[in-house]
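Asks: below are the sequence and a predicted model for it; my questions follow.
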Protein chains: 4
Amino acid sequence: MRYDLAEEKVFKDPVHKYIYVQDRTIWNLINTKEFQRLRRIRQLGTSYLTFHGAEHSRFSHSLGVYEITRKIISQFERSRYADWPEEERLLCLCASLLHDVGHGPFSHSIEDVFDMHHEAWTCRIILEETEVNSVLRTVSPDFPEKVASVICKTYDKPIVISLISSQMDADRMDYLLRDAYYTGVNYGTFDLDRILRVLRPYQGRIVVKESGMHAVEDYLMSRYQMYWQVYFHPVTRSSEIILRQIFRRAKELYTHGYAFLSKMPDALVALFAGTLDVNGYYRLDEALVQTVFMQWTEEPDELLAELCRRFLHRRLYQYITMDQRDEALWTRIRHAFGAAGLHPEYHLEVDYPFDLPYHVYRPGTTDLEDKPPILLLGDQDKLEDISVKSDIIRSIAGLHRGKFHLYYPEETLAKQKYYFDSEIRQLFGL
Amino acid sequence: MRYDLAEEKVFKDPVHKYIYVQDRTIWNLINTKEFQRLRRIRQLGTSYLTFHGAEHSRFSHSLGVYEITRKIISQFERSRYADWPEEERLLCLCASLLHDVGHGPFSHSIEDVFDMHHEAWTCRIILEETEVNSVLRTVSPDFPEKVASVICKTYDKPIVISLISSQMDADRMDYLLRDAYYTGVNYGTFDLDRILRVLRPYQGRIVVKESGMHAVEDYLMSRYQMYWQVYFHPVTRSSEIILRQIFRRAKELYTHGYAFLSKMPDALVALFAGTLDVNGYYRLDEALVQTVFMQWTEEPDELLAELCRRFLHRRLYQYITMDQRDEALWTRIRHAFGAAGLHPEYHLEVDYPFDLPYHVYRPGTTDLEDKPPILLLGDQDKLEDISVKSDIIRSIAGLHRGKFHLYYPEETLAKQKYYFDSEIRQLFGL
Amino acid sequence: MRYDLAEEKVFKDPVHKYIYVQDRTIWNLINTKEFQRLRRIRQLGTSYLTFHGAEHSRFSHSLGVYEITRKIISQFERSRYADWPEEERLLCLCASLLHDVGHGPFSHSIEDVFDMHHEAWTCRIILEETEVNSVLRTVSPDFPEKVASVICKTYDKPIVISLISSQMDADRMDYLLRDAYYTGVNYGTFDLDRILRVLRPYQGRIVVKESGMHAVEDYLMSRYQMYWQVYFHPVTRSSEIILRQIFRRAKELYTHGYAFLSKMPDALVALFAGTLDVNGYYRLDEALVQTVFMQWTEEPDELLAELCRRFLHRRLYQYITMDQRDEALWTRIRHAFGAAGLHPEYHLEVDYPFDLPYHVYRPGTTDLEDKPPILLLGDQDKLEDISVKSDIIRSIAGLHRGKFHLYYPEETLAKQKYYFDSEIRQLFGL
Amino acid sequence: MRYDLAEEKVFKDPVHKYIYVQDRTIWNLINTKEFQRLRRIRQLGTSYLTFHGAEHSRFSHSLGVYEITRKIISQFERSRYADWPEEERLLCLCASLLHDVGHGPFSHSIEDVFDMHHEAWTCRIILEETEVNSVLRTVSPDFPEKVASVICKTYDKPIVISLISSQMDADRMDYLLRDAYYTGVNYGTFDLDRILRVLRPYQGRIVVKESGMHAVEDYLMSRYQMYWQVYFHPVTRSSEIILRQIFRRAKELYTHGYAFLSKMPDALVALFAGTLDVNGYYRLDEALVQTVFMQWTEEPDELLAELCRRFLHRRLYQYITMDQRDEALWTRIRHAFGAAGLHPEYHLEVDYPFDLPYHVYRPGTTDLEDKPPILLLGDQDKLEDISVKSDIIRSIAGLHRGKFHLYYPEETLAKQKYYFDSEIRQLFGL
C-alpha cells in the first residue's frame, strides 16, 4: 500500500523546493475537487490587503504541511526509531494533507459571524459523500474515520496527533515559513532542516533532542514576530473587521426579509439559512464571495454597499490605540455616534488582538491539555519542558500586549464632526 | 509637483524588498478602484495550475514595474546624465504603474476569443471617465493623453517609451524576477542591481554600458529559460486551451440563443454582445469568471459543463508531441473524432508555442521596429547591437523550437477508442 | 572634496551586493598596505575551526562597515534632516573604514596574553608614519587626529561616534550579517534595509523611529543568538584557549631565555620584548603566526610543540560543563594534575563566556556611558529607551548564562588516569 | 564497515546547509593533518584580490564535493538502481573527499613554474607514509591504491571515476555553487536538487534523464558565465601573473646562487632544488608563501622585492586588450622595453585565457576521451549526447573568445616613457 507510485511525482514549491508524492492515495486526494477548491481560498485571508505578496492559497500550504510531515516520518524511518509506529505513515500523511480542507472563504471572519468551525467542516468533507471520502475508502472502510479522528484529536495515538497539531507541528512550521516567504518579511525564517534533525519519537510523543534547543528558540521567536508583525497587523485587522461587518449586515438584512437586488447564490442562502451541506460548502469559495460583494456594491442598503466598496477598493477603517480597556468611554462614543446619525454597531469596532485563537506559547495556562509543552530530551533520557532550560523561551512565555484598537470610518466621522463634543473630536483627531 | 508626499510610503515586497512611493499622484493612482481591481487578476493566468506558488496578481507586478522604473530614473537623476529629460519623471512613473491596468481575467485566452487587446483597454481606462483618469487630470488636463500615448508607443520621446516597453524594460525585468520567485524556479534570477547600474540615457534611447554585457547575457538567458520552462509549460498550455474553449463554447451558445440555466452577469453579456464599456470591464475580474464557471458546471450543455469542471478541478487535456507540421494527419484525426461522436473542434487542439505574443530575442526579424535592439555603449561612445559583441546572445538569437503539441481529453478518447483505426489508436496510446 | 571620483568604484560583496566608493580618499585608504594587510587577518579568529565557512577577513568586514555607514549618511542627506551635520560625512566614512585597521592576528587571544588593545594600534596606525596617515593628511593636517578621536570616542560630536560605536552601530550590523552569511547559520539575519530606513539623527544622537521597534527587536535577537550559537561556541573557545596557551608558553620560554630551534621573525621578537612599532605590527599577520606555529611543531619544548600541533591539526581540548563556580574543586584538580606530571596551568582551563568583551545588551549596568541605550523616537518627539516599549527586549535584557566550561586534553589525561582519584576520574569520564 | 558512526556528524555549510558524515573512515580522514592543511590553501587562489569575499579554502570545497557525492549515491541506493555498484560507496566517498588533497598554495601558478601536478601529489599523499594513507589502510591494505586509481582515472569502473571527474561531476557542481556564494555573484547558481534527481547510473556511466535537460542547460550556462566573469577576470589574471613572476624570479635567483637575505624555509629550498617530498609538501601552505613574500619585500633584488610588494599590497599590472595575435608587435615591444632599461620578460606578459586547463564544454574536440559527453536517457532507453537535443548547448558548445591581454606595470612604464616611440606610447596610453 505504501510507496506505490511507480515513479514519484513532484511539485515545484518555493518554500520546500520540491514536494514529493510517493503514494497513490495522496496523489488521488490532491486531485479531488474538494482539495482543488483550496486553490480558491487564500491562506492568509485579507492579509494581501496589507502585504500585497500574500496571495498564496491554502492549497499551497496544505501541500507544504504534507511535505514537512513526510520529511519527519521519512527521517524517523531511516533512523529506525523504536518509538515510531511505522504503520501510521499513510494516516499521518493523509491527515496532514487534509487538515485544512474544510476552510471556508476568509475563514476567521465567516466563522465568527456564522458560528462555524472549519475543523468540523474538514471532518464532514472527510466523512460524508465526497471525492475525498471515496479516495480514503479505497485504503480501508474505516480509514476516513481514522483520518477524521486525527484531525479532531481523538485518535488513540497521541504521537500521530502531535505531528499535525501541537506547539511545533508541521502546520505551524509550514505556515511561518510560507507566510514569511510570500509577504516578504524576514521574521518567519528559521532553520527547518535543523529542527527536523532533532525531532525524536519518544514514549508516544514527539520530543526535541536537547542540542536542538536553540533552533526551537529561533522558531518560537519567529512565531512571536510573525504574530505581531503580520497576523495582527492593524491594517489586516481593519480589513477583517470590514469583512465581518459585511457578513453581519447581509445576514441581518436577510433575516429581516430585505429583498436583495441581485440574485443571491444558493450556497449563500443556505449559509444564511443555516442549511449548508458539503455540496453547498464546496461552492463557497473566495471567488464567489468577491463576486457577490461586487454585486452588493450596488445594493440600495447603503451600509452594505459602502462596506463592500470599502473592501473591494481597499478603503479601510482608520484606528486609534488605547492602552486600557475603557468600556464607559466606548459606550459614550457609541451614543454620540448614534446621536450623530452614524451606525454605532458598525462605525465603531474595538479590537484587542490578544484574545484570538492564535496565541503565543504560554506554559501554565489552562489550555495546556490542547497544547502540550515542547519537551527536550536530555542526557539519560531526561525530559524537561523547554522553558525550564531556555532563558529566552521562559522570558517570552508570558508576554502579551495590552493595546486596544478602535476602528472607525474616518471620512464618515469627519463629515459629522460638528455633532461631537470636543473630547471625542480630539480623540479621533477631527 | 514631484516628491510631494510629506513622508514616503512603502510597500513590503518580496522581490524588491520595499516599494517606495514619493508622489501623491502615484499614491492616489494605487488607491483607485481600477488599480485595486488588479488584485483580482492573476499575473500568470492559469500557470498556478502547473506551479502552485504562482498565485500572484497583476497588482504586485504593476507595483514592481513602477519600482524598477523609479530606481532607474532615480539613478539617472543622481548621475545628472545630460541625455535624461528630467521633466518626464512623473509621466514615466504613471505609465509604468498603469501599463497593465487594462488586463482582463486570464487575459491571453479571453483576448483570443473575443478579439480584444489589453493595451486598448488600458488606454480607455486612462482616457475615459474613471477614477484613474480623474487622478491623472489633477496633474494637468492633457496628462491622461500623455500617459496613454506612452503606453501606445506614440509619445514623441522614444526614451520614455523604451523604459516601459523594449527588449529589456522595467516590465520584463520585474516579471522575470517575480514569476521566478513565486513559481520557485531558479531560472529567472539575474543581477537587477548590476543592470540598473549600467543603463545610460543616450541620444534619445536607453543603452547599456559595455561592461554590463554579461549581466544582459544573463538576463536574456533567464528570459529564454523562463519562456520554455514556465510560460510555455505544456500543462499551462493545456489549461489555457481549456479556458479558451470555455469562452469559445459559451460565446457560441450565446450567439445561437442557448438559454443559460444560471443568470449571466451583465458584464459577461456585454462581453458576448460586444457592448462592453469601462464600467462593465471593471467588474470583469477572475472572481467573476471563476464563479460563472462554477455555475456552468451544471449547465445542460454537457460540453460547456465538462470544460468548466475540467478547469475547476484541474482535469486537463493530455498531449502528444510531434516534430513536424502535418495538417493532413490532423484533418484525418478530426474526421475520425467526428465520426466517433466527439467534438473535433474541441477535442483536438494543436498548439505550437512559438507563434505566441511572447517571443525570444531575435534581431533581424521584421518586428525590429517594435523591438529595437539592446545597444552597448563602448569606448568613444560607440554604439553596437549587443549581439555583435556577445557570442552567447548571437548564438541564442535565432533559436526556436519546432514542436507541435496535440491536446485532447484522454478519458473521452479512451471511451470511444473502438471507433478509431490502429494508426490513431497508436498515436494516442489507446 | 566629496564625491570626487569621476566614476564611482564598486566592489562585489556577498552581503551588501555591492560596495560603492565615491571618494578618492576612501579609494586611496583601501589601497594602502596597512588596509590591504587586513586581508591576512580573519574576521572571526579561530571560528573557522568550528564553522569551516567562516574564513572571511577583516578586510571584507571593514568594507561592509564602511558601506553601511555610507548608506546611513546617504539617507540622512537625501532626507535633509536638520540634525545631521553634513560636513562630517568624510570623517564618518574614514573612521568606519579604518576602525579595525589595528587588529592583530587572532586578536582576542594575542591581546589577552600581551596586554595589547587593537583600538590603540588603530590609532597609532592612523597617527604615525604610515600610508594610511599620509592619505588622511591630504584631506587636512589635523584630519588623522579627527579620525583617531572618533575611533577613541573622544571626538566632540557624539552623533559621529555613535555611527561607528554604539549598541546598534554599522560595525555590529555588518558583522552579524556577514558572520551569519559565512558560517551559514540563519540566526544573524535581520532586516537591514528596514533598520536603515528608521534611523534618525536627533539632538546629537542617532535614534530609531518608533515604528521600527520590531526591526530592532529582531536585530537584538539575532545578536543574542549569534553570541551563544557562534561566538561562544565551545569548540571555538577551545581553539582560542589553545591559541592563547601557545602565545603564553612561547612568551614564557622567551622570557626564560629558551633557545628556539627555528629563527623567530623580528616582529615576533619585538612583540615578546615589548618593543613592537607600527612597522613591525604591519608584518604581524596570520600568515606569519601560522608559519611560526608550523615551525614550532618541531621545537624540543614538547608542551609548545604539542599545542601547535593541536592548533594546526585541529586536535582541540575537550570540555566538561559545570553550573557553579567551584574554585576549591578546580584547585584540587590542578593539584592532582601536577601530581600526575601534567601541566596544571596548561592542561586545565576554566572558561566562563560571560565575562568576555562581547556582551549581550543589558541596560542598567555601569557601562551605560560607553553603551548608551537605543532610543525610540515616538509621537511628539518623545524619546524612550527601547526596553521600556518592547516587552521582548526587556525580557532578554537581563539574560545571562551561568555555565563554566573546563577544557582539558582528553588523551593526555587518559594516559595518566591511574594517578587520579575516583571523583576526578568520574568528572572527566576516565 | 558502512554507516558505522554511532551517530552521524554534521558540519554547518553555507552552500549545502549541512554536510553529513556517517562513516568512521570519512571522519578520520577529515581529521588527518594533510586534510586539515587544506584550510590553509584558498580554493580560488588569488581571486580574493578581485572578489574580496572569495576567501574560502579547499577544505570547505572538499567537504562539499564529498557531500554532493554522498547525496548522489544515497539517492541511487534509495532507488535501488540495478546499474549502481553498491559496494563502491566508500571508495567514491573517499575519492571525492581527497581528490584535492594534493593542491599546493596558489596551485595553478606554482604548478606552471615548477612543472608540478596536484593530481600527482594527491596520489603521493594517498600512497606514501601519511596520516591519510594510514586511515585508508584500515579499510583494506589495497584501499589506498584503489582511491588513488579513481583519482588518476585508471580504476576499472568508469562509473566511479565519472562521479568525481566528468563534464558534470560533484567537483564542478560544488565549486560553481560555492564560488558563486563566496564571490557574491549570481552566475553560478543552478538547481542542484533537480540535477541530483535526474541522474541515473546506466550501463557503467552516469546519465541524465531527458526531462532534466533544462537543468543541465542551466548548469552549463552557469559554468560558462563563471569562467568568463570570475575565473578569467583580468584582475585575477593580473595577480596570477605577478605570483608566477615571483616564483619564476626566486627560482632564477636561487639557480644562479643569489644569497637570499632572509633564511628560506626548508620546504621552499626543496621545491627549488626539486627534492620535495610529502613531508615538505605538507608544510608548503599559503601562510608560508605569504610569509616568505613578506620577507622578500626587503630583498636587495629590486625586481623580486617589487613583485612581492605588488602582490601583498595589491598593486597589480595594468592591461590592454588586443583582438589578434601579433607576435611581431610583441617582440618589438619587448625590445623597446629592454632598450628602456625594463625587464622585458617580466614587464610584459601576454595572456590568452582560452588555452588554460579550464575549458568550456565542446563536444568534438580531441579531449573527448577525458571528458565524455553528458548523455540524455530518453524514452526506450535511448542515449543521446545532450548537444543533439539542446539548441542552447549546441550553440554555446563552440564558443570561444579571441582576446589577448597584455599585462604591464603602468607606473614603471610611465617613468620611462621618453624611451618609447609614439606607437608604443599610444598603445599603452602614455
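Replies: Good, I have the coordinates.
Asks: quick one, what contacts the residue nearest to residue A:322 when sequence neighbours are not counted?
Replies: With C-beta to C-beta, 6 or more residues apart in numbering or on different chains as the criterion, residue A:322 has its nearest non-adjacent residue at 4.5 Å, and that residue is residue A:404. For glycine as for every other residue, the C-beta is placed from the backbone atoms N, C-alpha and C. Counting by C-beta atoms under 8 Å, 6 or more residues apart in numbering or on different chains, residue A:404 touches A:321-326, A:350-352.
Asks: domain ranges for chain A, per the record?
Replies: A:9-232, A:234-314 (automatic domain parsing).
Asks: surely residue A:230 and residue A:184 touch.
Replies: No. Between residue A:230 and residue A:184 there is no contact under C-beta atoms under 8 Å: 10.2 Å.
Asks: any chance of JSON lines for the contacts of residue A:404, columns pLDDT?
Replies: Formatted as JSON lines, those follow (pLDDT from 0 to 100):
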{"residue": "A:321", "pLDDT": "91"}
{"residue": "A:322", "pLDDT": "91"}
{"residue": "A:323", "pLDDT": "85"}
{"residue": "A:324", "pLDDT": "89"}
{"residue": "A:325", "pLDDT": "90"}
{"residue": "A:326", "pLDDT": "93"}
{"residue": "A:350", "pLDDT": "95"}
{"residue": "A:351", "pLDDT": "91"}
{"residue": "A:352", "pLDDT": "87"}
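Asks: highest neighbour count among those?
Replies: residue A:351 (20 neighbours; other C-beta atoms under 10 Å in any protein chain shown).
Asks: ok so, going back, what is the nearest of the contacts of residue A:404 to chain C?
Replies: residue A:321 (10.5 Å; C-beta to the nearest C-beta).
Asks: which stretch of helix or strand covers that closest one?
Replies: Residue A:321 belongs to strand A:318-322 when assigned by DSSP states H and E.
Asks: quick check: next helix or strand after that strand?
Replies: helix A:327-339.
Asks: list the buried residues in that next one.
Replies: A:330, A:333-334, A:336-337 (16 or more other C-beta atoms under 10 Å in any protein chain shown).
Asks: helices or strands next to the strand holding residue A:321 in the packing?
Replies: helix A:234-255, strand A:404-408 (3 or more C-beta pairs under 8 Å, 6 or more residues apart in numbering or on different chains; DSSP states H and E).
Asks: CSV for these, including mean pLDDT?
Replies: Shown next, in CSV, are the helices and strands packed on strand A:318-322 (pLDDT from 0 to 100):
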stretch, mean pLDDT
helix A:234-255, 96
strand A:404-408, 95
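Asks: can you lay out those as TSV showing distance to residue B:67?
Replies: As requested, these are exported to TSV (distance: least, C-beta to C-beta, whole Å):
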stretch	distance to residue B:67
helix A:234-255	20
strand A:404-408	30
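Asks: which one of these lies closest to residue B:297?
Replies: Proximity to residue B:297, assessed across the helices and strands packed on strand A:318-322 by C-beta to C-beta, is greatest for helix A:234-255 (24.8 Å).
Asks: my read is that residue A:192 contacts residue A:173, right?
Replies: Yes. Judged on C-beta under 8 Å, residue A:192 makes contact with residue A:173 at a distance of 6.2 Å.
Asks: for chain A, name the helix or strand with the lowest mean pLDDT.
Replies: Using mean pLDDT, DSSP states H and E, helix A:391-397 stands out as the lowest-scoring helix or strand of chain A, at a mean of 76.
Asks: near chain C, anything from it?
Replies: Yes. Applying C-beta under 8 Å from any C-beta of the partner chain, one finds helix A:391-397 in contact with chain C at A:391-392, A:395-396.
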